[in-house]
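Asks: what would the 3D arrangement of this be:
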Amino acid sequence: MKFNAESAFLYYGSRVVDLLLLNIMWAIGCIPLVTIGASTIAAFTVTLKMAEKRESAGVFRAFWSAYVHNMKHGIPLTLIAGVLLYGVWLDFQLFNNLEENALPFLIIGLIVLFVVFVHYIYVFPLEARYENTMFKNLANSRKIFIRFFLRSLGLLGILVIQVLLFMGINDFLFYVGLFVLPILMIYTTSQVIMPIFRKIEANGAASDGFTINQKEGPSVNY
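Replies: The predicted model follows:
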């Protein structure tokens with residue numbers, strides 16, 4: 001089979017342009033702050049389809065349609081995460097400023113931060129792909145994290161490297177990161193979670209006994 005370099009260039013070039021456009025739309029969607037969750041779910045709606053190579057006709061239309069549709073869960077998810085992360089920040093401030101008996105605040109802060117991560121690492125792609133209650137998807141995120149523990153740690157490592165690459169080296173990469181880092185992290189997560197979704201849907205890989213209802217297909221028990 002002859003490799004068509006021109007077709008490959010056009011395909012990947014179009015993909016890069018779509019991702020850059022998606023990053024801009026994600027940032028615009030986050031401007032009210034309380035809509036960060038809805039904007040992130042909308043971005044996952046597009047990138048999960050990219051991971052399956054079944055993009056819809058227009059990134060713009062797909063994003064904003066999903067953005068409006070996911071306000072109901074996106075805003076509460078944002079507020080819950082904001083309150084918990086603010087609590088973590090307060091714990092770290094107390095740890096830094098108290099001279100005695102400060103260690104418990106650090107421990108509590110790290111535990112809460114880990115709990116937030118476990119419940120939020122997959123909740124946005126779950127919201128993008130499945131119809132479910134918000135708390136059900138938070139629980140599903142935790143169950144997937146536990147069942148695919150090593151893969152989840154690998155994803156965490158990749159995301160940390162991406163953040164350090166753009167945020168911790170020099171000012172130029174920092175400014176580049178403003179335009180590419182959020183969608184790069186979302187796209188990376190989509191590439192990692194999609195095989196997990198396929199495995200769960202096809203083979204019933206998880207044995208936890210909860211139900212998910214696909215937005216584009218029949219309900220699935222796993």
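
Asks: which residues touch stretch 81-90?
Replies: 37, 109, 112-113, 115-116, 120 (Cβ atoms under 8 Å, 6 or more residues apart in numbering). In this view, the C-beta of every residue, glycine as well, is placed from N, C-alpha and C.

Asks: mind redoing it with 7 Å?
Replies: 109, 112-113, 116, 120 (Cβ atoms under 7 Å, 6 or more residues apart in numbering).

Asks: how about it: buried residues?
Replies: By neighbour count with 16 or more other Cβ atoms under 10 Å, stretch 81-90 contains the buried residues 81, 84, 88.

Asks: chain center to it: distance?
Replies: Its chain's C-alpha centre and that of stretch 81-90 lie 18 Å apart, by Cα atoms, centre = their mean, to the nearest Å.

Asks: mean confidence score for it?
Replies: Across stretch 81-90, pLDDT averages out at 95.

Asks: only alpha carbons, please: show that stretch as CSV.
Replies: What follows is stretch 81-90, C-alpha atoms only, in CSV (Å, rounded to 0.1, in the frame of the first residue of the first chain):
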residue,chain,number,x,y,z
ALA,A,81,-14.4,21.1,42.8
GLY,A,82,-13.9,24.8,43.5
VAL,A,83,-15.0,24.4,47.1
LEU,A,84,-12.9,21.3,47.7
LEU,A,85,-9.8,22.8,46.1
TYR,A,86,-10.2,26.0,48.1
GLY,A,87,-10.3,23.9,51.2
VAL,A,88,-7.1,22.2,50.1
TRP,A,89,-5.5,25.6,49.5
LEU,A,90,-6.5,26.7,53.0
